[in-house]
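**Q** Here is my input; please provide its structure:
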Amino acid sequence: MTARAEIENVLGRASWGYDENDVDLIAAQFTETATMTMQIGRDGDVIGPFEGRDAIRKLHADSLAAQTDQRRHNLSNLVLVKESPDTASTTSNLTLLSIENGVVRVLSSGWYRDDLVKTGGEWLIATRHIYLDLPY
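**A** Residues are numbered from 1 along each chain as shown. Below you'll find the model as predicted:
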């Protein structure tokens, strides 16, 4: 498998984990020392950083516990901004869908900026910044 395909799988597993309420799968896509930040709207404050795999896992667990709907994260337009044998930087678009009471609606759109490292033969997210156009 190519590095690009492996990286796509890491990003996809993180999204799939959220959509399937599997916080362990989400956390497994991040390094132990990963950091994550988020911003909602161009003028919004940066939320975070959430530092370390456990903090990122807790953030996702808390968010999932507060939801009543089913979420679907759709990643697209993945761009490999830079790549070396052990590091990579990507950007990708996000369309966030919400399914509740038989209705599908677009909840938000935005993008991810991820820095990944190859550790022990596998790619993991070392830093993630999420930008959302609307609150989720």
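**Q** so what secondary structure elements neighbour the lengthiest strand in the chain?
**A** Identified as the longest strand of the chain according to DSSP state E is strand 103-119. Helices and strands touching strand 103-119, by 3 or more CB pairs under 8 Å, 6 or more residues apart in numbering; DSSP states H and E, are helix 3-19, strand 87-100, strand 122-132. Quick note: C-beta positions are derived from backbone N, CA and C, even for glycine.
**Q** Counting neighbours, which bits of the first one end up buried?
**A** Which is helix 3-19. By 16 or more other CB atoms under 10 Å, the buried positions in helix 3-19 come out as Ala3, Ile7, Glu8, Val10, Leu11, Ala14, Ser15, Trp16, Gly17, Tyr18, Asp19.
**Q** and the angle for that helix with strand 87-100?
**A** In terms of direction (axes from the mean of the first three to the mean of the last three CA atoms, to 10 degrees), helix 3-19 departs from strand 87-100 by 30 degrees.
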